[in-house]
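**Q** coords please:
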Amino acid sequence: MINIGIIGCGRITQYRHAPEYLANPSAKLLGFVDTKMSQADLMVEKFGGKNYENIDSMLDDSAIDAVSICVANPSHAEVSLAALKAGKHVLLEKPMATTLEDCLAIVQMAKSTGKTVMLGHNQRFAPAHIKAREMIARGVLGKPLGFRVTFGHEGPEVWTLNLDSWFIHRNRAGFGVLGDLGIHKIDLIHFLLDEPIVEVSAKLATLDKRYEDGRLIDLEDNAACLLTTKSGVMGTMHVSWTFNAGEDNSSRIYGTKGVLRLYDDPIYSLILETKDGKVEKLKLEGLSSNEDQKAGRQSNSGVINAFVSSILKGTKPDIDAQEALKAMRVVFAAIESDESGRRMNIYQD
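**A** Presented below is the predicted three-dimensional model:
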């Protein structure tokens, strides 16, 4: 049994971490902590456990084996490092941190303490993505040549139910849509093709997302990137908080033998179309969306189960800090590309 504490009691805790731990027979929720005591009280009332007075008191509790860190982005590094120093395993919401130096510090601390650090990149656990990775690996597409990935919706206020969410303030979020949605698709490409992105050209823009007083937000609400992997596979990524007519969370992988379409059809989550005219369609479990949350539909992301399993088995999770660093390097390089107007080469370990 793994005893769990959750740090941060926002929507991601309410709809993802807490219910998924509760559903896992090998995990026990010991408690919650939040800067707003009332938020932690709500979680305790709904999921059980206790309300810790502060983060230190939770980390000082020797009964807790692991923590989920669900705080605002700029606090990810500080809280993660403290948890690792306290001997806790860490499940960290994306993005890992808001500076490359902090990301590297988390990687190093994980190595030095020997504790598990896993990032919540849930797209790796989507059934169509798992199937696509297997199909690509056994050559169904031939040689991969290109990709097109998209992730857009109305904005974080739909998820948070807060028109002035911390997500849309630079000093409280660090990143805009690139760090919110883009990080998922970057990591997905690494997962599907089993190789890192090593070059990026990017354009970030604030097109229409506004504060309640009508001013444009001070973070990007759209990002478009041209990406190249280590073996030369080229592709595009568009992420947006201004897809106001509905969510798009689709991907396509193109190869010498055909194309894989992932989550771009309302019925079939994976479609293989080959150049000789054959079509294979699979109905696999869908991706969770903002619409699901608005409708009160709960699904299991697979993240919590993978985290608990890695601790129990003593194995490295597929998306540990070292692996997550690869996607973070792309994010930082994309920001630099936008600021400099240059194509950026990315150092990948």
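
**Q** check contacts around the closest residue to Asp221 other than its chain neighbours.
**A** Nearest residue to Asp221 in three dimensions, chain neighbours excluded: Lys209, at 3.7 Å (Cβ to Cβ, 6 or more residues apart in numbering). Quick note: C-beta positions are derived from backbone N, CA and C, even for glycine. Lys209 sits next to Gly155, Ile168, Leu216, Ile217, Asp221, Trp241, Thr242 when contact means Cβ atoms under 8 Å, 6 or more residues apart in numbering.

**Q** In the protein, where is pLDDT below threshold?
**A** 288-298 (pLDDT under 70).

**Q** In it, which residue sits furthest out from the middle?
**A** Asp276 (36.0 Å; Cα atoms, centre = their mean).

**Q** Quick check: phi and psi on that residue?
**A** Phi and psi for Asp276, reported as degrees, to the nearest 10, are phi -90, psi 10.

**Q** what's the answer for Ile2, then?
**A** Torsion angles, degrees, to the nearest 10, at Ile2: phi -100, psi 120.

**Q** For the stretch 1-150 of the chain, which segments count as strands?
**A** With strands called from DSSP state E, counting those that start in this stretch, the stretch 1-150 of the chain shows them at 2-7, 27-33, 50-51, 66-69, 89-92, 117-119, 144-152.

**Q** As a markdown table, those strands with distance to His184 would be great.
**A** What follows is the strands of the stretch 1-150 of the chain, written out as a markdown table (distance: least, Cβ to Cβ, whole Å):
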| stretch | distance to His184 |
| --- | --- |
| strand 2-7 | 21 |
| strand 27-33 | 24 |
| strand 50-51 | 31 |
| strand 66-69 | 17 |
| strand 89-92 | 14 |
| strand 117-119 | 10 |
| strand 144-152 | 6 |
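
**Q** Now tabulate the ones you listed in CSV and tack on distance to Phe191 and mean neighbour count.
**A** Below are the strands of the stretch 1-150 of the chain laid out as CSV (distance: least, Cβ to Cβ, whole Å; neighbours: other Cβ atoms under 10 Å):
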stretch, distance to Phe191, mean neighbour count
strand 2-7, 25, 24
strand 27-33, 24, 23
strand 50-51, 37, 17
strand 66-69, 21, 26
strand 89-92, 17, 27
strand 117-119, 12, 28
strand 144-152, 12, 21
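
**Q** ok, and what's touching stretch 339-349?
**A** 196-202, 230, 322, 325-326, 329-330, 333-334, 336-337.

**Q** taking those residues one by one, which sit in strands?
**A** Ile197, Val198, Glu199, Val200, Ser201, Ala202 (DSSP state E).

**Q** for the stretch 51-200 of the chain, what spans make up the helices?
**A** Assignment of helices within the stretch 51-200 of the chain using DSSP state H, counting those that start in this stretch yields the ranges 55-59, 76-85, 100-113, 127-137, 156-160, 170-173, 177, 183-193.

**Q** So for His121, which of these sits nearest?
**A** Smallest distance to His121 across the helices of the stretch 51-200 of the chain (Cβ to Cβ): 4.5 Å, for helix 183-193.

**Q** angle of the closest one against helix 127-137?
**A** Angle, helix 183-193 to helix 127-137, by axes from the mean of the first three to the mean of the last three Cα atoms, to 10 degrees: 40 degrees.

**Q** which of the helices of the stretch 51-200 of the chain is buried the deepest?
**A** helix 177 (a mean of 29; mean count of other Cβ atoms under 10 Å).

**Q** before we move on, back to that, scan the contacts of Lys209 and report the most crowded one.
**A** In terms of neighbours by other Cβ atoms under 10 Å, the contacts of Lys209 top out with Trp241 at 28 neighbours.

**Q** contacting residues around that residue?
**A** Gly152, His153, Glu154, Gly155, Pro156, Gly176, Val177, Asp180, Leu181, Lys209, Asp221, Asn222.

**Q** let's see it at 10 Å
**A** 152-158, 167-168, 176-177, 180-181, 206-209, 217, 219-223 (Cβ atoms under 10 Å, 6 or more residues apart in numbering).

**Q** got it, and Thr256?
**A** Applying Cβ under 10 Å, 6+ apart, the residues contacting Thr256 are Gly139, Leu141, Gly142, Lys143, Pro144, Leu145, Lys275.

**Q** can you pick the most crowded of the residues you listed?
**A** Neighbour counts for the contacts of Thr256, by other Cβ under 10 Å, peak at Pro144, which reaches 24 neighbours.
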